[in-house]
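Participant: Let me see the structure of the following:
(one chain, ligands or ions: 1)
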Amino acid sequence: MSYSYPRIGLLIDGEWIHDRDACLQVVNPSNEEILADVPKATAADLQRALAAADRARRIWRDTAPEARARVLRQASALLRERMDAFCQTISLELGKPLSDARYEVERACAIMEWDAGEAVRLYGRINPSAPGMLQLVLRQPIGPVAAFTPWNAPLSSPARKLSGALAAGCSVILKAAEETPGAACLYAQCLMDAGLPSGVLSLVFGDPNEISEALITSPVIRMVTFTGSVNVGKRLTQLAAAQMKPVLMELGGHAPVLVAEDADPVQVARMSAAAKVRMAGQICVSPTRFIVHERIYDAFLVAFAKAVGEVRVGDGFESGVQMGPVANPRRLAAAQALVEDARRRGARVLTGGHRLGEKGYFYAPTVIADVPREALVMSEEPFCPLALCVSVASLREGIDLANSVSVGLAGYAFTNSLSTAEQIGREIECGILSINHFGGPAPDMPFGGLKDSGFGREGGSESLESYTVTRMVSQKAF
Ligand code: NAD
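Facilitator: Residues are numbered from 1 along each chain as shown. As a prediction, the model looks like this:
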């Protein structure tokens, strides 16, 4: 059966542009077939997108919040209507199992619907003052936003950034990932079909360095939002700081999973296997360092290796597949190098630890035990299906190990003790902590990290904060 993949274009000022040189070919990671060429925006294209964002900024700022919310809700309805096209596109360009792709579309819809609600709750305040004086605190859109999204969430990451910015009343130029451009194109079309005025959104692809430099240094752009690696995030933050522009940075993680001695090791192991293989470990909140109390460590390892070894890996279109390929040869090479390094330093590979087949970027889900603290994988985000297990003698040792990395995005813990849960909640340095489950935050909760994982929050009642500025106006009767 053949599936359709959209034609990739640049969307500038309401017009789709296809006739440009290609900057990249989109490759299906399950079979290495080429799906499409990605047109490369020229310097003139970027200037047109900037001019459109500048012009549209006033139109969208002055559109009533309820009308902005209607566009987001209508776009969300279109996403659901076009569910099959989205799922096929995401599975083709990323290899995700179809059921996971469906979850991503539903998540994007939920995010948009949440932000639509927030658009009409952008409350300011009136400060008390003497008679004859009115003091207003207003929250207004910050202005045109430059948004950069990665390949691992081709729809939900653009949806997150665009719905926050659009709900707040900002125009946006989005550079979505060149590796997975299809879902972003379908998404931009949904927004246009939902009535978003021309120019409020432009979508570009090309050379990431050239585009980020052109957009961030332009006086039109007032704010920068990025999801991706810590290194790129730091570069873009420096560029923005030189222009005195605020940023929202959602960067990498290296999530610890603390398993306390009172937890059920077999049950936690089964849940851990399912969570680890989501998106082949290529999500910033992926559970990575399993820090287990020594009394239950062996029982945990046996059950974990068994459950991970039974995971069905394959093309996302095959039924029953639980994990697809990694996204590109870079991730395959990274997995191989990190496992080799850990092995060399004395770690034990309990299951996996190798590529699967010769065609497609499949890597076996892998459990590694007794990983020494100095192994590279204990500090470098693996971003592939590697689970690292370490035993600790006490909760104190576990918490210190959990906090020993430079990032702090997600964290997980399993315990039946209220006081252990309380201590973990207080001491673990991460922005998103889940105790006794692996569910991530729903759209009504703030998502973001500490330390090198970035700053600013997406979702929750904080969702529009980064896209607004607070101004005061005082008005005297006269
Ligand atoms: P990378 O840093 O080269 O790219 C990550 C994303 O940033 C890509 O979509 C890329 O197009 C974009 N990018 C790169 N340079 C850019 C620039 N100058 N301006 C704007 N965007 C730019 O990483 P990669 O090889 O694709 O992945 C490597 C690592 O990145 C992973 O191991 C992981 O740690 C991290 N990553 C994190 C996330 C996340 O959700 N936080 C997503 C993707 C990758």
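Participant: If you count contacts, what does the longest helix belonging to the chain end up packed against?
Facilitator: Under DSSP state H, the helix in the chain containing the largest number of residues is helix 98-119. In terms of contacts (3 or more CB pairs under 8 Å, 6 or more residues apart in numbering; DSSP states H and E), helix 98-119 is packed against helix 65-81, helix 83-94, helix 156-168. For the C-beta atoms, the positions are set from N, CA and C on the backbone; glycine is no exception.
Participant: Need the winner for burial among these.
Facilitator: Comparing the helices and strands packed on helix 98-119 by mean neighbour count (mean count of other CB atoms under 10 Å), helix 156-168 ranks first with a mean of 29.
Participant: following it, which helix or strand shows up next?
Facilitator: From helix 156-168 onward toward the C-terminus, using DSSP states H and E, the following helix or strand is strand 172-175.
Participant: export that following strand as CSV, just CAs?
Facilitator: The C-alpha coordinates for strand 172-175 follow below in CSV (Å, rounded to 0.1, in the frame of the first residue of the first chain):
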residue,chain,number,x,y,z
VAL,A,172,5.2,34.3,13.5
ILE,A,173,7.9,33.1,11.2
LEU,A,174,8.4,29.4,11.7
LYS,A,175,11.5,27.5,10.6
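Participant: Name every strand pairing with that strand and say which way it goes.
Facilitator: Take DSSP bridges as the rule and strand 172-175 pairs in its sheet with strand 145-148 (parallel), strand 201-204 (parallel).
Participant: do you know which of those lies nearest residue 227?
Facilitator: The stretch from the strands paired with strand 172-175 with the least distance to residue 227 (CB to CB) is strand 145-148; that distance is 7.2 Å.
Participant: Who does residue 250 form a beta bridge with?
Facilitator: Using DSSP bridges, the bridge partners assigned to residue 250 are residue 227.
Participant: For it, give me its contacts.
Facilitator: Residue 250 is in contact with 225, 226, 227, 284, 447, 448, 449, 453, 454, 456, 458, counting by CB atoms under 8 Å, 6 or more residues apart in numbering.
Participant: Neighbours of the closest residue in space to residue 443 that isn't next to it in sequence, how many?
Facilitator: Spatially, and ignoring its direct neighbours in sequence, residue 443 is nearest to residue 114 (3.8 Å; CB to CB, 6 or more residues apart in numbering). Using other CB atoms under 10 Å as the criterion, residue 114 is surrounded by 22 other residues.
Participant: Likewise for the one 10 residues further on?
Facilitator: Residues lying near residue 124 (other CB under 10 Å) number 15.
Participant: Which one of the strands paired with strand 172-175 lies nearest to residue 298?
Facilitator: In terms of CB to CB, the element of the strands paired with strand 172-175 nearest to residue 298 is strand 145-148, at 44.3 Å.
Participant: if you average pLDDT over the closest one, what comes out?
Facilitator: Model confidence over strand 145-148, given as mean pLDDT, is 99.
Participant: before we move on, the earlier item: could you give the average pLDDT over the longest helix of the chain?
Facilitator: 98.
Participant: for stretch 283-301, same thing?
Facilitator: The average pLDDT within stretch 283-301 is 98.
Participant: where in this protein is pLDDT low?
Facilitator: 1 (pLDDT under 70).
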